[in-house]
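Novice: Sequence first, predicted coordinates after that:
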Amino acid sequence: MPPAVSAGMQQNGAKFIMKVPLLDLKAQYNSIREEILKATQEVYESQYFILGPKVEALEEEIAEYCSSKYAIGVSSGTDALLISLIAADIGPEDSVITTPYTFFATAGSIVRTGARPIFVDIDPDTYNISTRGIENAIDEMTDEKRSGLKAIMPVHLYGQCAEMDPILEIARKYDLIVIEDAAQAIGAQYKGKRAGSIGDFGCFSFFPSKNLGGFGDGGIVTTNSEKLYEKLKIMRVHGSFPKYYHKVIGGNFRLDALQAAIVSVKLKHLDNWTVARQENANRYREMFASADLENIKLPVESQERHIYNQFIISVPEKRDDLRSFLQEAGIGTEVYYPIPMHLQECFSNLNYKKGDFPVSEHAGSHTLALPIYPELTEDQQGYVVEKIKEFYLN
Ligand SMILES: *Cc1c(COP(=O)(O)O)cnc(C)c1O
């Protein structure tokens, strides 16, 4: 049954098209416009733009939300990763274990410190790093290589935590630092713990398409260590402490007050938005089940609080054709990580080759992100599933 004609539909020849964007930030803005305008106006009136009270307030709120002792606002999620690596003293001669199936910044930040990323394939159900794979990779290392290994950087991909208990166990055994890339996972939970509060550092992004997005770039680092917190604060301002004295070299990793003010407003709504995303995920599950689309793999929930930054399906064949078909039907989708990190040209000196991480490569060529944003309607979801059915059953 095609859905009833509604305002969002256009007639296109004989076909009806319903617009279903991958993400609709205007819908969200419309629901909180007054609060945002009030909070940003306060910043204009104060003329206090860099760090300052708004940033400090956000840091306290995020630390509490993530059940971490400390939080420190930074310029982006990428810089959250970079400043954490720097604060952990990781550099040339060192190596860091991470996943090849992630956004570029994860591996990019490691290489920017001069360290080497050591990739480990993912779990086919969760798309998160395989903990068995980490153990195997370490077992295969020579003593020399093992002595250069300094950290593990798991990514909580698509809004669900990686298997942190085994990761912490390995980290303890080999004396490794754990830097959580939680850019997609604010509020996600693993065994009662919030993403970002489990390892030594938690790195978050306020990129607009994240679940808690600013009106530009921004990010934050969480930690439970006072020592690391003090170090991060110094590194954020070029390594300056006291002012104009540099014992260490940091960078400009500062968060600005406007972003902090906006993110503070949005944080109050985050739990409601998360619930809406989870409800949308459940509704997709029901719709896929009743559409007899069993050969399409839906997200596997292995942890207690998946926040659905993305709703990822895996299809057996013709992923790219499906994507074009949906595009023509007015439905926005995205292919996340078509080229895993080990096959990126800029990392060719790491000497990985096609076939090294088959699960990541398979995910890169068979998965598709469907719209899951909180304001998505039941009609829109019905239309998405209907169109996928039409594509595979015709
Ligand atoms: C978005 C993202 C980042 C980078 O965040 P920016 O704020 O865009 O710099 C890092 N890692 C992952 C997994 C991300 O999704």
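Specialist: All right, it came through fine.

Novice: for the ligand, what are the nearby residues on the chain?
Specialist: Contact residues, the chain versus the ligand (CB under 6 Å from any ligand atom): 76-78, 102-103, 105-106, 155, 181, 183-184, 205, 207, 217, 219. In this view, the C-beta of every residue, glycine as well, is placed from N, C-alpha and C.

Novice: Next step: those residues restricted to helices.
Specialist: Of these, the ones assigned to helices by DSSP state H are 77-78, 105-106.

Novice: nearest to the ligand, of these?
Specialist: residue 77 (2.4 Å; CB to the nearest ligand atom).

Novice: measure residue 100 to residue 360 for me?
Specialist: 5 Å (CB to CB, to the nearest Å).

Novice: For stretch 297-309, list every residue counted as buried.
Specialist: 297-299, 303, 305-309 (16 or more other CB atoms under 10 Å).

Novice: Give me the lowest-pLDDT entry from those.
Specialist: Lowest pLDDT among the buried residues of stretch 297-309: residue 303, with 83.

Novice: can you tell me the helix or strand for it?
Specialist: For residue 303, there is no enclosing helix or strand under DSSP states H and E.

Novice: thinking it is in contact with residue 193, fair?
Specialist: No. The pair residue 303 / residue 193 is not scored as a contact, 10.2 Å apart, by CB atoms under 8 Å.

Novice: Given the host helix or strand of residue 203, what are its sheet partners and their directions?
Specialist: Per DSSP H and E: residue 203 is located in strand 201-205. Partners of strand 201-205 in the sheet, by DSSP bridges, are strand 177-181 (parallel), strand 219-223 (antiparallel).

Novice: For that strand, list the C-alpha coordinates in CSV.
Specialist: Taking Å, rounded to 0.1, in the frame of the first residue of the first chain, the C-alpha atoms of strand 201-205 are listed here in CSV:
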residue,chain,number,x,y,z
PHE,A,201,39.9,9.3,27.4
GLY,A,202,36.5,9.6,25.7
CYS,A,203,36.4,11.7,22.5
PHE,A,204,33.2,13.3,21.3
SER,A,205,32.3,15.3,18.3
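
Novice: Tell me the buried residues in it?
Specialist: 201-205.

Novice: So this structure: which segments form each domain?
Specialist: The chain is divided into the following domains under automatic domain parsing: 9-29+270-393, 34-267.

Novice: Go through those domains and pick out the most buried.
Specialist: domain 34-267 (a mean of 20; mean count of other CB atoms under 10 Å).

Novice: any idea of the mean pLDDT for that one?
Specialist: Rounded mean pLDDT across domain 34-267 is 97.

Novice: Let the chain start at 56 from now.
Specialist: In the new count, where the first residue is 56, that last one comes out as domain 89-322.

Novice: end to end, how far does that domain reach?
Specialist: Terminal residues of domain 89-322 lie 15 Å apart, using CA to CA, to the nearest Å.

Novice: residue contacts, the residue lying closest to residue 103 once chain neighbours are set aside?
Specialist: In space, and not counting its chain neighbours, residue 103 is closest to residue 312: 5.8 Å by CB to CB, 6 or more residues apart in numbering. By CB atoms under 8 Å, 6 or more residues apart in numbering, the residues touching residue 312 are 98, 101, 103-110.

Novice: Residue 361 too?
Specialist: Contacts of residue 361 (CB under 8 Å, 6+ apart): 214-215, 243, 333, 336, 354.

Novice: now with 6 Å?
Specialist: 214-215 (CB atoms under 6 Å, 6 or more residues apart in numbering).

Novice: what's the answer for residue 143, then?
Specialist: residue 232.

Novice: Quick check: phi and psi at it.
Specialist: phi -90, psi 10 (degrees, to the nearest 10).

Novice: now it: how far from residue 346?
Specialist: 48 Å.
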